[in-house]
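1. here are the coordinates; sequence isn't available:
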């Protein structure tokens, strides 16, 4: 599956793995992900949408900020 992901998407997957964000109660915000991987939030946000569309991550809409976590491969 890593072959189907572009470099920023691969970086985000590795970052979420590093956070241990693998279920809904360990999700991380786009801000936290962008800060951890030192990339602009807009770039990270676009990649998060693409990863969500590919089924690699799950987006959870919350009152303040959406959160993201890895879906089991």
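-> Great, that's in hand. Worth saying up front: this structure is predicted, and the values here are computed from it rather than measured.

2. can you tell me the helix or strand for the nearest residue to residue 41 once chain neighbours are set aside?
-> Closest residue to residue 41 apart from its sequence neighbours, by C-beta to C-beta, 6 or more residues apart in numbering: residue 34 at 4.4 Å. Every residue, glycine included, has its C-beta placed from N, CA and C. Per DSSP states H and E, residue 34 falls inside helix 30-37.

3. again, but for residue 46
-> With DSSP H and E as the test, residue 46 turns up in helix 41-53.

4. And that helix, what's buried?
-> Across helix 41-53, burial judged by 16 or more other C-beta atoms under 10 Å covers 44, 47-48, 50-51.

5. Next one: the residue of the chain most remote from its centre from residue 18, what distance?
-> The C-alpha centroid of the chain is most remote from residue 63, which lies 18.3 Å away (C-alpha atoms, centre = their mean). Noted for residue 63: a distance of 26 Å to residue 18, by C-beta to C-beta, to the nearest Å.

6. Same check on residue 40?
-> The spacing between residue 40 and residue 18, counted by C-beta to C-beta, is 19 Å.

7. swap in residue 50?
-> 20 Å.
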